[in-house]
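Visitor: Sequence and predicted model, in that order:
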Amino acid sequence: MGRAMKEEAIAIHIDPWMHIITTGGGVPIDELLPIQGRFYVAHLEGQEIPDEFSAFQNLQESLKFPEYFGWNWNAVYDCLRDLQWLSVDHHVVIVRSADRALREDNAARDEFFRTLWRAGRRWSYVKRPEGSTLSRFTVVLSCSKDSESDLTNLLQSFQD
């Protein structure tokens, strides 16, 4: 199921379910993962997502979408809202080099990140023993320090 990661990073918390990390900082990625319960971690590589089709393919493979997956953004959102085929308490999607995903297609790029953000919002919050909140669906996006501001602004635009 899940595997702990020891990469050090600076974490920017967009929402309780959406985090951006940049390498070279002080927060271990482990602190963004659930502290108890069963969890599934899906790993995506931004540089392996140059276009919309590869986004669908990578999401389908990493999150084990069912055969009825419709290969469009509405179908991605429907699957992310459900995820019942993964019998776990928490779902974590880690997108490394998120700033490189769908670089040449701004509309698909916006939809990719909006869909992840909406799914996290839909899953709602759960209280941690320390009092902070964590969603049952968490997205961790890693990017270069140079791209952090643009990615943060994009994600914050979904909050309106």
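Guide: The structure has been received and is ready for your questions.

Visitor: The biggest helix by length in the chain: which residues count as buried?
Guide: Ranked by residue count under DSSP state H, the longest helix found in the chain is helix 106-123. For helix 106-123, a neighbour-count test (16 or more other CB atoms under 10 Å) marks 108-109, 111-121, 123 as buried. C-beta: built from backbone N, CA, C; applies to glycine.

Visitor: before we move on, what about stretch 142-160?
Guide: Across stretch 142-160, burial judged by 16+ other CB under 10 Å covers Ser142, Cys143, Ser147, Glu148, Leu151, Leu154, Leu155, Phe158.

Visitor: Confirm for me that the third one is in contact with Asp99.
Guide: In other words, Ser147. Yes: if you go by CB atoms under 8 Å, Ser147 and Asp99 touch, sitting 3.5 Å apart.

Visitor: just to revisit the earlier point, in strands, which of the buried residues of stretch 142-160 fall?
Guide: The strands, defined by DSSP state E, take in Ser142, Cys143 from these.

Visitor: which residues of the protein score low on pLDDT?
Guide: Filtered on pLDDT under 70, the chain yields the residue ranges 1-10, 23-37, 124-135, 160.
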